[in-house]
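J.: Prediction below, plus the sequence it came from.
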Amino acid sequence: MSVSKTIDPEFEDTLHLILREGQDTDRRGQSRRPFRCVQLLAPYDGKEMPAADEFFHVQCHDISAGGFSYFLPEAPEYDFLVLALGRAPFTFVIARAVHFETVETERGRQYLVGCRFLRKI
């Protein structure tokens, strides 16, 4: 699979809009921001866009210009994924799950999956 090493300006603008949603007036220079919302995600085979019924809801944890993290009840069995980011009409992004760890949450033990954005579809 061929991916760009840089994020295109349109996608970066979308990320900046999402990062500004819900912020209060305290604007520190931190690159990672809380992103406590539910988004749609599907495993990606590197060839075709996943079908609508392959997407499932995930609880996101945080986001930055380079990636995001989310919770799963089980360890992910895929490396690549498509994220439907933001609100409809969604921005579809290919990402790679680069690490995960078990964490205790209010829902019990979960996997926190960290992903790197690769490119916008």
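T.: Alright, I've got the coordinates.

J.: give me every residue that touches the closest residue to residue 56 other than its chain neighbours.
T.: Closest residue to residue 56 apart from its sequence neighbours, by C-beta to C-beta, 6 or more residues apart in numbering: residue 41 at 6.4 Å. To be clear about C-beta, it is placed using only N, CA and C from the backbone, and glycine gets the same treatment. With contact taken as C-beta atoms under 8 Å, 6 or more residues apart in numbering, residue 41 is in contact with 55-58, 70, 81-84.

J.: can you give me the mean pLDDT across the helix or strand encompassing residue 41?
T.: Assigned by DSSP states H and E, residue 41 falls within strand 38-43. On average, the pLDDT along strand 38-43 is 97.

J.: list the buried ones in it?
T.: For strand 38-43, a neighbour-count test (16 or more other C-beta atoms under 10 Å) marks 39-43 as buried.

J.: export those to JSON lines and tack on distance to residue 51?
T.: Formatted as JSON lines, these follow (distance: C-beta to C-beta, whole Å):
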{"residue": "39", "distance to residue 51": "17"}
{"residue": "40", "distance to residue 51": "12"}
{"residue": "41", "distance to residue 51": "13"}
{"residue": "42", "distance to residue 51": "8"}
{"residue": "43", "distance to residue 51": "11"}
